[in-house]
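Peer 1: Need a 3D model of the following:
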Amino acid sequence: MTKLSVNINKIATIRNARGGKIPDVTKVAVDCERFGANGVTVHPRPDERHIRYSDVREIRPLITTEFNIEGYPDKKFIELVLEVNPHQVTLVPDPPGAITSNAGWDTIKNKDFLFDVVSVFQKAGIRTTIFIDTNLKNIENAVLTNTNRIELYTEPYATDFPKNKVAAIKDFVLAANLAKSLGLGINAGHDLSLENLKYFHDNIPFLDEVSIGHALISDALYLGLENTIQLYLRQLL
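Peer 2: Residues are numbered from 1 along each chain as shown. Take a look at the predicted model:
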């Protein structure tokens, strides 16, 4: 079964726009678990413009479902992850000012750096995932970092899906098959939605996990959070 991890960054964005605690990020994390999500994802950034480091600390003891922290592995991020001890850490190559993740790791250029970071987290018993595109060389070299999984960066798929879904999925199937043959687990995320998720899952049936935030939270504004989570889970059957 492919797990659904709900990224709750957008909830924090709404809260931060006004100040205070509405909407309550910790309650939403608990509700995501209660409504059937298999995991909760947060992505704290250095400027804390959405999820704050304090949110990450507060959420951890409140949920029992999988907790995934993603971000660029600078010193502060590494310290936070080791302190909180989530089930999974997802490493992304975002520069500090990036609006959102927009590229995967160059695992050839960054092999030694990633190897060192992955080793730190694995020694702490935290599963590691590297955010990556469909470049087959990058996937081959991901193995040399000793990461447990890769997370396929799916914005190109989501962009091309309305035009030609067969062409849109092609490189992702090749990348996923290679990763599976190399013994890597496979996650996916970025711009997956109710419109394109089922087709992606059906063509990559051994997908371990999807992390979805922007589309899911946007849908929840119209459909309600509980109903929306259930709708997304049905796409993964």
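
Peer 1: check contacts around residue 59.
Peer 2: Residue 59 is in contact with 25-26, 29, 40, 42, 67, counting by Cβ atoms under 8 Å, 6 or more residues apart in numbering. (C-beta placed from N, C-alpha, C; glycine too.)

Peer 1: Output the below-cut-off pLDDT ranges for the protein.
Peer 2: Within the chain, the ranges that satisfy pLDDT under 70 run 95-102.

Peer 1: Assign the residue nearest in space to the middle of it to one of the three secondary structure states.
Peer 2: What sits nearest the mean C-alpha location of the chain, by Cα atoms, centre = their mean, is residue 211, with 4.1 Å. Secondary structure, DSSP: H, G, I helix; E, B strand; the rest coil: residue 211 is strand.

Peer 1: and it, bridged to which residues?
Peer 2: Using DSSP bridges, the beta-bridge partners of residue 211 come out as residue 5, residue 189.

Peer 1: ok, now how distant is it from residue 45?
Peer 2: Distance of residue 211 to residue 45, computed by Cβ to Cβ, to the nearest Å: 16 Å.

Peer 1: burial measure for residue 12, as a count.
Peer 2: Counted with other Cβ atoms under 10 Å, the neighbours of residue 12 add up to 21.

Peer 1: surely residue 22 meets residue 15?
Peer 2: Yes: between residue 22 and residue 15 there is a contact at 6.4 Å, judged by Cβ atoms under 8 Å.

Peer 1: And the two? Which one has more around it.
Peer 2: Counted by other Cβ under 10 Å, residue 22 and residue 15 do not tie: residue 15 has more neighbours, with 20 against 9.

Peer 1: check contacts around the more buried one.
Peer 2: With Cβ under 8 Å, 6+ apart, residue 15 has these contacts: 21-25.

Peer 1: how about the helix or strand where it lies: buried residues?
Peer 2: Per DSSP states H and E: residue 15 is located in helix 9-18. For helix 9-18, a neighbour-count test (16 or more other Cβ atoms under 10 Å) marks 9-12, 15 as buried.

Peer 1: which among these gets closest to residue 130?
Peer 2: Of all the buried residues of helix 9-18, residue 130 sits closest to residue 9, with 19.6 Å by Cβ to Cβ.
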